[in-house]
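Participant: Show me the folded form of this:
(one chain, ligands or ions: 2)
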Amino acid sequence: MKTKYRLFFLVLIVISLFISCKVQPISGNGIALGTSCSITVYRGDKDIDEYFNEINREERLFSRNIDTSDISRVNKNAGIKKTEVSEETYKLVEYGLSLSRITDGAFNVAIGSLVDIWDDEKVPSDAEIQKALGLIDYNKVILTLEDMKYYIYLEDKGMQLDLGGIAKGYIAQKLGERIEEGIINLGGNIYVKGRDDDNPWKIGLQDPEKDRGDYFSIERICEGNVVTSGSYERYFIQDGIVYHHILDGSTGWPARGNVLSVSVIGPDGTTCDGLSTAFFVMGVEKTSEVLKRFSGYKCVFVLENHETVTLQ
Ligand code: ADP
Ligand code: MG
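Facilitator: Ligands and ions are numbered 1, 2, ... in the order given. Just a heads-up that it's a prediction; the model follows:
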């Protein structure tokens with residue numbers, strides 16, 4: 001009898017030890033970067049508020065909607081003088097510039113003035129489009145480093161930097177450095193970390209023609225980013241025609257290929273975010289050329305004819 005009890009208690013102890021070892025996640029949700037963000041951490045920095053403070057800090061550097069941000073100050077001084085910015089802004093713009101060059105302007109870090117005229121949710125006039133097209137030359141973004149101070153200058157008055165196509169991916173990746181295991185979702189820009197091949201994260205790819213949460217495929221990854229650009233994300237309708245928010249700097253109009261969405265999966269968040277915007281503009285054929293320069297990245301297109309195309 002006694003041994004039976006002992007055995008019973010031993011089993012109880014083992015079970016409770018097992019339960020206490022199983023890590024409980026902590027989560028938080030909030031609105032930031034103009035979108036809904038959610039963070040779940042299993043192992044790592046446990047104060048969720050700290051993550052949101054960090055997102056807000058970055059937003060205060062990069063946002064065009066905040067007057068005092070580095071980017072707003074650079075834009076205000078376009079054609080007038082160079083502006084001192086934080087090292088972080090400088091480096092993100094520098095990387096945005098290199099993505100602009102590699103994608104031949106499909107991603108264009110200086111596309112702000114074109115974004116502005118489409119932001120009013122009505123089709124701009126031809127004159128407005130032509131004027132904006134004259135103000136998006138990313139070769140006129142001048143970066144200088146003097147005495148350990150970082151400066152950005154836009155050569156023409158009216159030019160505008162816009163980091164909307166890379167900021168979320170950059171911030172998700174940066175927050176990810178604080179966790180050992182968890183998931184960071186900044187409005188669909190997803191960063192995950194901390195799993196192994198036996199139990200990977202499963203990230204659904206949204207079907208662009210169905211309700212949110214309706215997935216056409218599941219990506220299994222242990223660590224990395226899944227970023228999607230889609231014409232269904234943000235748009236307005238005028239005279240029965242849909243105008244979405246990803247612009248083609250070679251025409252001045254929303255990109256008009258046969259792509260409904262493209263997801264980019266890979267190790268760096270900024271790259272995935274920038275490439276997803278670029279690949280949406282470029283379409284499948286051009287993407288297959290550019291993707292060769294990014295090892296470790298793959299992308300999944302959903303086309304208007306409902307076909308999916310995976311490139312890697
Ligand atoms: P989302 O912000 O919906 O995740 P994207 O990452 O594709 O989608 O970024 C779209 C945003 O990037 C736009 O709202 C705009 O601010 C900016 N943008 C639009 N077209 C381009 C482009 N061709 N190159 C760079 N940025 C762009
Ligand atoms: Mg993007």
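Participant: Distance check, residue 225 against residue 44.
Facilitator: Going from residue 225 to residue 44 by Cβ to Cβ, to the nearest Å gives 17 Å. C-beta here means a position set from N, CA and C on the backbone, and glycine is covered the same way.
Participant: of these two, who's got more company?
Facilitator: residue 225 (29 against 17; other Cβ atoms under 10 Å).
Participant: tell me the contacts of the more buried one?
Facilitator: 169, 172-173, 189-192, 264-269, 272-273 (Cβ atoms under 8 Å, 6 or more residues apart in numbering).
Participant: and which of those is nearest to ligand 1?
Facilitator: residue 273 (5.2 Å; Cβ to the nearest ligand atom).
Participant: May I see the buried residues of stretch 88-106?
Facilitator: Neighbour counts using 16 or more other Cβ atoms under 10 Å place 88-90, 92-93, 95-97, 99-100, 102-106 of stretch 88-106 among the buried residues.
Participant: check whether stretch 274-292 contacts ligand 1.
Facilitator: Yes - using Cβ under 6 Å from any ligand atom, stretch 274-292 comes into contact with ligand 1 via 276, 277, 281.
Participant: In a strand, residue 205, correct?
Facilitator: Yes - Residue 205 sits within a strand when classified using DSSP: H, G, I helix; E, B strand; the rest coil.
Participant: how much space between it and ligand 2?
Facilitator: 15 Å (Cβ to the ion, to the nearest Å).
Participant: That residue pairs with what?
Facilitator: Beta bridges link residue 205 to residue 217, judged by DSSP bridges.
Participant: count of residues packed around it?
Facilitator: Residue 205: 18 neighbours (other Cβ under 10 Å).
Participant: Would you confirm that residue 191 contacts residue 224?
Facilitator: Yes - assessed by Cβ atoms under 8 Å, residue 191 is found in contact with residue 224 at 7.5 Å.
Participant: For those two, indicate the residue with more neighbours.
Facilitator: Taking other Cβ under 10 Å, residue 191 and residue 224 do not tie; residue 191 has more neighbours (29 against 22).
Participant: Distance of that one relative to ligand 2?
Facilitator: From residue 191 to ligand 2 the distance is 14 Å (Cβ to the ion).
Participant: Ok, residue 203 next?
Facilitator: Residue 203 sits 16 Å away from ligand 2 when distances are taken as Cβ to the ion.
Participant: same check, this time on residue 115
Facilitator: 13 Å.
Participant: for residue 66, same thing?
Facilitator: 20 Å.
Participant: How about residue 188?
Facilitator: 10 Å.
Participant: you'd agree that residue is up against residue 228?
Facilitator: Yes - Residue 188 sits in contact with residue 228 when judged by Cβ under 8 Å, with a separation of 5.8 Å.
Participant: of those two, who's got more company?
Facilitator: Taking other Cβ under 10 Å, residue 188 and residue 228 do not tie; residue 228 has more neighbours (25 against 19).
Participant: That one contacts residue 262, doesn't it?
Facilitator: Yes - using Cβ under 8 Å, residue 228 is in contact with residue 262, at 7.0 Å.
Participant: Now for these two: what residues contact both?
Facilitator: residue 276.
Participant: mind listing what's buried in stretch 204-217?
Facilitator: Under 16+ other Cβ under 10 Å, the buried positions of stretch 204-217 are 205, 206, 207, 208, 216.
Participant: who touches the residue of the stretch 151-300 of the chain found nearest ligand 1 in this structure?
Facilitator: In the stretch 151-300 of the chain, the residue that lies nearest ligand 1 is residue 164 (2.6 Å; Cβ to the nearest ligand atom). By Cβ under 8 Å, 6+ apart, the contact list for residue 164 reads 64, 115.
Participant: Quick check: it vs residue 273, distance?
Facilitator: Taking Cβ to Cβ, one finds residue 164 at 10 Å from residue 273.
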